[in-house]
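J.: dropping the sequence and predicted coords here.
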Amino acid sequence: MFSKVGWGLLWVFGFTINFIYFPLFATAQLFITQEDSNVYFMLTGSLIVFITSFMNIFTRHHEFKLWSQFLKMVVALYTGIITFAAIYRFGGVITPEGNVSHDVYDSIYFSIVTWTTLGYGDFQPSESIRIWAGAQAMLGTLFTPLFLAAILFSFELSKPKKI
(Lines give C-alpha, C1' and ligand atoms only; values in the text may rest on other atoms or scores of the structure.)
Protein backbone atom coordinates (compact mmCIF):
# COMPACT_ATOMS: atom_id res chain seq x y z
CA MET A 1 0.00 0.00 0.00
CA PHE A 2 1.08 3.51 -0.74
CA SER A 3 1.35 5.87 2.18
CA LYS A 4 -0.13 9.36 2.13
CA VAL A 5 3.32 10.73 1.38
CA GLY A 6 3.67 8.36 -1.58
CA TRP A 7 0.31 9.38 -3.01
CA GLY A 8 1.14 13.03 -2.39
CA LEU A 9 4.44 12.73 -4.25
CA LEU A 10 2.74 10.88 -7.10
CA TRP A 11 0.09 13.63 -7.32
CA VAL A 12 2.74 16.38 -7.37
CA PHE A 13 4.70 14.53 -10.05
CA GLY A 14 1.60 13.99 -12.22
CA PHE A 15 0.43 17.57 -11.78
CA THR A 16 3.86 18.91 -12.68
CA ILE A 17 4.12 16.76 -15.80
CA ASN A 18 0.57 17.47 -16.99
CA PHE A 19 0.07 21.11 -16.20
CA ILE A 20 3.57 22.60 -16.11
CA TYR A 21 6.07 20.51 -18.08
CA PHE A 22 3.96 19.56 -21.09
CA PRO A 23 2.53 23.06 -21.78
CA LEU A 24 6.08 24.43 -21.57
CA PHE A 25 7.34 21.63 -23.83
CA ALA A 26 4.64 22.38 -26.44
CA THR A 27 5.45 26.10 -26.28
CA ALA A 28 9.16 25.37 -26.75
CA GLN A 29 8.33 23.12 -29.71
CA LEU A 30 6.45 25.98 -31.32
CA PHE A 31 8.78 28.89 -30.64
CA ILE A 32 12.28 27.49 -30.11
CA THR A 33 12.79 24.10 -31.75
CA GLN A 34 14.00 24.15 -35.33
CA GLU A 35 13.30 20.53 -36.18
CA ASP A 36 10.06 18.60 -36.25
CA SER A 37 9.31 16.59 -33.12
CA ASN A 38 7.30 13.42 -32.77
CA VAL A 39 3.70 14.34 -33.57
CA TYR A 40 2.28 11.35 -31.74
CA PHE A 41 4.21 12.17 -28.56
CA MET A 42 2.88 15.73 -28.61
CA LEU A 43 -0.70 14.65 -29.29
CA THR A 44 -0.56 11.96 -26.60
CA GLY A 45 0.67 14.50 -24.06
CA SER A 46 -2.05 16.94 -25.09
CA LEU A 47 -4.75 14.27 -24.74
CA ILE A 48 -3.44 13.31 -21.30
CA VAL A 49 -3.74 16.96 -20.22
CA PHE A 50 -7.35 17.01 -21.55
CA ILE A 51 -8.33 13.79 -19.84
CA THR A 52 -6.87 14.74 -16.47
CA SER A 53 -8.45 18.20 -16.59
CA PHE A 54 -11.92 16.72 -17.15
CA MET A 55 -11.50 13.66 -14.96
CA ASN A 56 -11.33 15.59 -11.71
CA ILE A 57 -14.47 17.56 -12.47
CA PHE A 58 -16.67 14.59 -13.20
CA THR A 59 -15.20 12.15 -10.67
CA ARG A 60 -14.70 14.49 -7.73
CA HIS A 61 -17.90 16.45 -8.10
CA HIS A 62 -18.51 16.48 -4.34
CA GLU A 63 -15.47 18.74 -3.88
CA PHE A 64 -15.98 22.35 -4.85
CA LYS A 65 -12.82 23.61 -6.49
CA LEU A 66 -14.14 25.78 -9.31
CA TRP A 67 -11.08 27.96 -9.82
CA SER A 68 -8.57 25.13 -9.81
CA GLN A 69 -10.73 23.18 -12.27
CA PHE A 70 -11.16 26.25 -14.44
CA LEU A 71 -7.39 26.84 -14.52
CA LYS A 72 -6.73 23.20 -15.42
CA MET A 73 -9.14 23.46 -18.32
CA VAL A 74 -7.61 26.73 -19.51
CA VAL A 75 -4.19 25.03 -19.47
CA ALA A 76 -5.69 22.13 -21.46
CA LEU A 77 -7.14 24.60 -23.98
CA TYR A 78 -3.79 26.39 -24.28
CA THR A 79 -1.91 23.11 -24.62
CA GLY A 80 -4.22 21.87 -27.37
CA ILE A 81 -3.96 25.05 -29.42
CA ILE A 82 -0.17 25.31 -29.01
CA THR A 83 0.40 21.61 -29.74
CA PHE A 84 -1.50 21.79 -33.00
CA ALA A 85 0.18 25.10 -33.87
CA ALA A 86 3.56 23.36 -33.52
CA ILE A 87 2.35 20.62 -35.87
CA TYR A 88 1.16 23.23 -38.36
CA ARG A 89 4.41 25.16 -38.12
CA PHE A 90 6.46 22.20 -39.27
CA GLY A 91 3.86 20.90 -41.73
CA GLY A 92 3.15 24.33 -43.18
CA VAL A 93 -0.08 26.22 -43.77
CA ILE A 94 -1.07 27.67 -47.12
CA THR A 95 -1.37 31.47 -47.02
CA PRO A 96 -3.98 33.48 -48.93
CA GLU A 97 -1.31 34.13 -51.59
CA GLY A 98 -0.87 30.39 -52.11
CA ASN A 99 2.56 30.10 -50.46
CA VAL A 100 3.38 27.54 -47.80
CA SER A 101 4.17 29.33 -44.53
CA HIS A 102 6.11 27.91 -41.60
CA ASP A 103 5.69 31.10 -39.56
CA VAL A 104 4.89 30.69 -35.86
CA TYR A 105 2.17 33.33 -35.82
CA ASP A 106 0.46 32.02 -38.94
CA SER A 107 0.42 28.59 -37.28
CA ILE A 108 -1.08 29.96 -34.05
CA TYR A 109 -3.72 31.88 -35.99
CA PHE A 110 -4.63 28.82 -38.06
CA SER A 111 -4.74 26.66 -34.91
CA ILE A 112 -7.13 29.04 -33.13
CA VAL A 113 -9.39 29.36 -36.18
CA THR A 114 -9.43 25.58 -36.60
CA TRP A 115 -10.00 24.89 -32.88
CA THR A 116 -13.00 27.20 -32.77
CA THR A 117 -14.20 25.85 -36.15
CA LEU A 118 -14.58 29.37 -37.51
CA GLY A 119 -13.05 28.41 -40.82
CA TYR A 120 -12.36 31.84 -42.32
CA GLY A 121 -10.70 30.20 -45.30
CA ASP A 122 -7.80 32.61 -45.56
CA PHE A 123 -5.28 29.96 -44.43
CA GLN A 124 -5.56 26.32 -45.39
CA PRO A 125 -3.79 23.20 -44.19
CA SER A 126 -1.09 21.82 -46.41
CA GLU A 127 -1.46 18.30 -47.74
CA SER A 128 0.63 16.79 -44.92
CA ILE A 129 -1.38 18.30 -42.05
CA ARG A 130 -4.91 18.08 -43.40
CA ILE A 131 -5.81 15.11 -41.15
CA TRP A 132 -4.50 16.98 -38.08
CA ALA A 133 -6.64 20.03 -38.89
CA GLY A 134 -9.72 17.81 -39.03
CA ALA A 135 -8.78 16.15 -35.75
CA GLN A 136 -8.26 19.53 -34.10
CA ALA A 137 -11.64 20.78 -35.30
CA MET A 138 -13.30 17.69 -33.82
CA LEU A 139 -11.40 18.11 -30.54
CA GLY A 140 -12.35 21.79 -30.34
CA THR A 141 -15.99 20.95 -31.02
CA LEU A 142 -15.92 18.38 -28.22
CA PHE A 143 -13.91 20.48 -25.76
CA THR A 144 -15.97 23.68 -25.81
CA PRO A 145 -19.31 22.22 -24.63
CA LEU A 146 -17.53 20.01 -22.10
CA PHE A 147 -15.69 23.05 -20.80
CA LEU A 148 -18.94 24.98 -20.38
CA ALA A 149 -20.72 21.99 -18.85
CA ALA A 150 -17.92 21.43 -16.35
CA ILE A 151 -17.93 25.08 -15.28
CA LEU A 152 -21.72 25.12 -14.92
CA PHE A 153 -21.62 21.79 -13.09
CA SER A 154 -19.02 23.08 -10.62
CA PHE A 155 -20.89 26.34 -10.21
CA GLU A 156 -24.17 24.51 -9.53
CA LEU A 157 -22.52 22.39 -6.86
CA SER A 158 -21.26 25.50 -5.12
CA LYS A 159 -24.76 26.86 -4.52
CA PRO A 160 -26.21 26.26 -1.06
CA LYS A 161 -28.77 23.48 -1.07
CA LYS A 162 -32.37 24.31 -0.24
CA ILE A 163 -34.09 22.02 2.20
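T.: Yep, that arrived.

J.: name the element the residue nearest the centre of the chain belongs to?
T.: Centroid-nearest residue in the chain: Gly80, 2.5 Å away (criterion: CA atoms, centre = their mean). Here Gly80, judged by DSSP states H and E, is contained in helix 66-91.

J.: enumerate the positions of that helix that are buried.
T.: Within helix 66-91, the residues scored as buried using 16 or more other CB atoms under 10 Å are 69-70, 72-73, 75-77, 79-91. Any C-beta I mention is one placed from the backbone N, CA and C, and that applies to glycine too.

J.: which helices and strands does it pack with?
T.: Here helix 66-91 touches helix 22-31, helix 39-59, helix 104-115, helix 130-158, going by 3 or more CB pairs under 8 Å, 6 or more residues apart in numbering; DSSP states H and E.

J.: give the rounded mean pLDDT of it.
T.: Average pLDDT, helix 66-91: 88.

J.: can you give the distance from that helix to the centre of its chain?
T.: Between the centre of helix 66-91 and the centre of its chain there are 3 Å (CA atoms, centre = their mean, to the nearest Å).

J.: what are the pairing partners of the helix or strand following that helix, and which direction each?
T.: For helix 66-91, the following helix or strand on the C-terminal side (DSSP H and E) is strand 93-94. Take DSSP bridges as the rule and strand 93-94 pairs in its sheet with strand 100-101 (antiparallel), strand 124-125 (antiparallel).
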